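Enquirer: Model the following, please.
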Amino acid sequence: MSILNSVGRTVTALALTGCCFGGLTTPAAPGTDPTAVPGAVPAVPGAVAPAVPGAAVAGSVTSTVTLAPGFLPDPNVTMGVAGGPNAAGALNPSCRGSIPAAPSVILNATAPFANLRVLVHSAAADTTLVIRHPDGTYTCDDDSGGDRNPVVQGPFAAGQHQIFVGIFAGAGAVAPFTLGITEMATVTPQSLGVAGAAAALPVAPPAMPIVLAPGFVPDPNTSSGRAGGPVDASTLDATCRGFIATVPNHVFTATGSFTNLRVIASATVDTTLVIRRPDGTLVCNDDGEGWNPIVQAPFAPGAYQIFVGTYSAATAGAPSNLGITELPSVTAATLGTPPAM
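Expert: Have a look, this model is predicted:
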């Protein structure tokens, strides 16, 4: 929920010196093309692998992300299908699993990271990680994250890193996965949520940025969206509750200092609030007014990421309203019934 880098950031550099267990690095085999994955079948321009009706398909890039140190939201989360036709052991005997022919995720690092962590979670399979770095070396891992989840961590140079999510089982097996990229030590594979959960949520319209100065009108400022998501907010901070999305529902920029501002969320289900301040700290609330959360505090100038959660994971996707106000008379009831979306 992800997402957020308010606690546990580490800048300790770790050496990557071998392969696989614990996230160690191995160079490409001598005499081989370092840009090619051994055993991969060259792609035919414009060709698409035929799909088996009803089956998950591995082997296509699910996401390309571009990140710099201090990126937000943290963790960066993507989902896809693990597994494929190639043996990771062809890169090095210590590497594990069957990987796709094409990267699952391409990470473009615009600057060096002193310590970056790549994590995978899948409830459906024993997953593995293979990462090809810009210099042609590979980093592999199998179960460093516990519960059959791989984690690779250490320094990441600037440039393109090709990330392959594999399955410990033989070639042909596939399973959904959730992948997180983070600078936070507190993020775990389990905190990324269950692969496919976010994709199953109704799609909300893009959040419009909210820019307000003290004395703004009309007051309250109101907007709508969908509450909830796959991330357990309590894994970000012990004071937070509910399940939130991997990206903020709303981004509020304060152009001046507010001595007392109130942020209110309402829905037909039990909702929660998680707000990441500009300095990276979190403020959370559950039941400020009945089932509706309220955060009331001074707000310094800067950008605030607002996540509207649901107390129960089962109610994720419920329509919600958000109100931002300087008036003590505004309540959740004032915001009205969230529009159907």
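Enquirer: how about the helices in this structure?
Expert: In the chain, no segments count as helices under DSSP state H.
Enquirer: For it, give me the ranges with low pLDDT.
Expert: When the per-residue scores of the chain are filtered using pLDDT under 70, the ranges that remain are 1-62, 124, 170-173, 193-208, 340-341.
Enquirer: can I see the domain layout of it?
Expert: 24-33+55-192, 210-335 (automatic domain parsing).
Enquirer: so how far is the longest one off the chain centroid?
Expert: With Cα atoms, centre = their mean, to the nearest Å as the basis, domain 24-33+55-192 stands 14 Å off its chain's centre.
Enquirer: Go ahead and name everything in contact with stretch 281-288.
Expert: Identification of contacts with stretch 281-288 by Cβ atoms under 8 Å, 6 or more residues apart in numbering yields 4, 6-7, 233, 236-237, 239-242, 264, 270, 272-277, 293-297, 311. All C-beta atoms are positioned from the backbone trio N, CA, C, and that covers glycine.
Enquirer: a markdown table for the domains of the chain, including mean neighbour count?
Expert: Formatted as a markdown table, the entries for those read as follows, by neighbours: other Cβ atoms under 10 Å:
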| stretch | mean neighbour count |
| --- | --- |
| domain 24-33+55-192 | 21 |
| domain 210-335 | 20 |
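Enquirer: All the strands of the stretch 51-200 of the chain, residue numbers only.
Expert: In the stretch 51-200 of the chain, the strands defined using DSSP state E, counting those that start in this stretch lie at 63-67, 76-82, 86-87, 98-99, 105-109, 113-121, 127-132, 138-141, 151-156, 159-167, 175-182.
Enquirer: Output these in CSV, with distance to residue 323 appended to each entry.
Expert: Written out in CSV, the entries for these read as follows (distance: least, Cβ to Cβ, whole Å):
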stretch, distance to residue 323
strand 63-67, 33
strand 76-82, 28
strand 86-87, 52
strand 98-99, 48
strand 105-109, 37
strand 113-121, 34
strand 127-132, 41
strand 138-141, 45
strand 151-156, 40
strand 159-167, 40
strand 175-182, 31
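Enquirer: Out of the ones you listed, which gets nearest to residue 252?
Expert: Evaluated over the strands of the stretch 51-200 of the chain, closeness to residue 252 peaks at strand 76-82, with 21.1 Å, by Cβ to Cβ.
Enquirer: Please identify the pairing partners of that closest one and their relative orientation?
Expert: According to DSSP bridges, strand 76-82 has the following sheet partners: strand 175-182 (antiparallel).
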